[in-house]
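Visitor: generate coordinates for the sequence data below:
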Amino acid sequence: MCKVLIFGCVAAVILMSAAYGAPLNKTQKAARLEASIDDLGLLKDIDNNFLDFYTPNDRQECNHTTLACFLKELEVLKQDVEEDKQQHVINIKKNLEDFMDPNFSNPTCKKCEANEKKKFPEFHQEMTRFLQSLQK
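Guide: Okay, the predicted model is just below:
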């Protein structure tokens, strides 16, 4: 009886840590990045020439800020794409949210609104390059 209780508690702890913020390992991160790049590729042909997106082009030391900006702009995109494309945007956001560090702060990194506004094709290209740089 005691063994059953102990094993039950251990199983519960394992499940809870998996569900509530256990850090991703390298394999999980790589899989999520790959899935995000694949979903982003499916958005390549969106005909959206009426919206401008803040498009960061910072590299290396501002990865967290850059990613936060891309995620914020994806929310704008989600509101303006057809329903069948919305799921790809949602998937990208879900896959990338675990890469965010809420405690990150670097005063030398640009705020999202300080980046140049670009049309969707350029935004898409920069985001793809950024995600590919995270894979390395």
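
Visitor: contacts only, for the residue nearest in space to the middle of the chain.
Guide: For the chain, the residue nearest the mean C-alpha position is residue 96 (2.4 Å; CA atoms, centre = their mean). Residues in contact with residue 96 (CB atoms under 8 Å, 6 or more residues apart in numbering) are 32, 36, 67, 70, 71. Every residue, glycine included, has its C-beta placed from N, CA and C.

Visitor: which of the residues you listed lies at the shortest distance from residue 51?
Guide: Comparing these against residue 51 with CB to CB places residue 70 closest, at 14.6 Å.

Visitor: burial of the closest one, as a residue count?
Guide: Using other CB atoms under 10 Å, residue 70 has 24 neighbouring residues.

Visitor: equivalent analysis for residue 91, please.
Guide: 17.

Visitor: what do you get for residue 39?
Guide: 19.

Visitor: hmm, back to that, tell me the buried residues in the helix or strand where the residue nearest to the centre of the chain lies?
Guide: Under the criterion of DSSP states H and E, residue 96 resides in helix 83-97. Within helix 83-97, the residues that count as buried by 16 or more other CB atoms under 10 Å are 85, 88, 89, 91, 92, 93, 95, 96.

Visitor: okay, now the unreliable bits of the protein?
Guide: 1-24, 59-60 (pLDDT under 70).

Visitor: residue 109 - how many residues pack around it?
Guide: Quick note: residue 109 (other CB under 10 Å) scores 19 neighbours.

Visitor: show me what contacts it?
Guide: 58, 61, 62, 64, 65, 66.

Visitor: reformat the residues you listed as JSON lines; add secondary structure, distance to residue 41 and neighbour count.
Guide: As requested, these are exported to JSON lines (DSSP: H, G, I helix; E, B strand; the rest coil; distance: CB to CB, whole Å; neighbours: other CB atoms under 10 Å):
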{"residue": "58", "secondary structure": "coil", "distance to residue 41": "23", "neighbour count": "16"}
{"residue": "61", "secondary structure": "helix", "distance to residue 41": "27", "neighbour count": "11"}
{"residue": "62", "secondary structure": "helix", "distance to residue 41": "24", "neighbour count": "18"}
{"residue": "64", "secondary structure": "helix", "distance to residue 41": "24", "neighbour count": "17"}
{"residue": "65", "secondary structure": "helix", "distance to residue 41": "24", "neighbour count": "20"}
{"residue": "66", "secondary structure": "helix", "distance to residue 41": "19", "neighbour count": "25"}
